[in-house]
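**Student:** Provide a 3D model corresponding to the input given below.
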Amino acid sequence: MLDYYGTGRRKTSVARVHLRSGKGKIRINGRECDDLKEYFQRDTLVRTIREPFVLTDTIGKFDILATVRGGGLAGQAGALRLGISRALIRYNDSFKPSLKAKKLLTRDPRMVERKKYGKKKARKSPQYSKR
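**Tutor:** Just a heads-up that it's a prediction; the model follows:
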């Protein structure tokens, strides 16, 4: 049984994804999920994760075994999508042009800006008081 591996990162999340040929079973952090909605809860996140499979027409052909750490659900979903895309390229190199055209192989570099002293958040200043 062949195993295709891909690593994805987004914000502070890291996803290690293993794709094995199968019937579409999903296992995230050791938890069996019948559907991605059980773990990710929102339809938009589920659509984000399924995008590489839809584009390459490989829905239901692979079992997903993923370990996702750090960040929130949106960051984890983005990391998982990148990991799946990279693993699909290991499976079949001819998927690369179509995945690259939809920017599914690009790591999103945006990170949270750090909080500065004297500010309430990264840029929000305390309310100005004249007196």
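
**Student:** which element is Arg27 on?
**Tutor:** Per DSSP states H and E, Arg27 falls inside strand 26-28.

**Student:** and the following helix or strand past that strand, average pLDDT?
**Tutor:** Using DSSP H and E, the helix or strand that follows strand 26-28 in sequence is strand 31-33. Averaging pLDDT along strand 31-33 gives 88.

**Student:** Can you pull out the residues in contact with strand 31-33?
**Tutor:** With contacts defined as Cβ atoms under 8 Å, 6 or more residues apart in numbering, strand 31-33 is touched by Lys25, Ile26, Arg27, Tyr39. From N, CA and C alone the C-beta is placed, and that goes for glycine too.

**Student:** Tell me the strands beside that strand, with direction?
**Tutor:** Strand 31-33 has its sheet partners listed here by DSSP bridges as strand 26-28 (antiparallel).

**Student:** what comes up buried for the partner strand?
**Tutor:** Ile26, Ile28 (16 or more other Cβ atoms under 10 Å).
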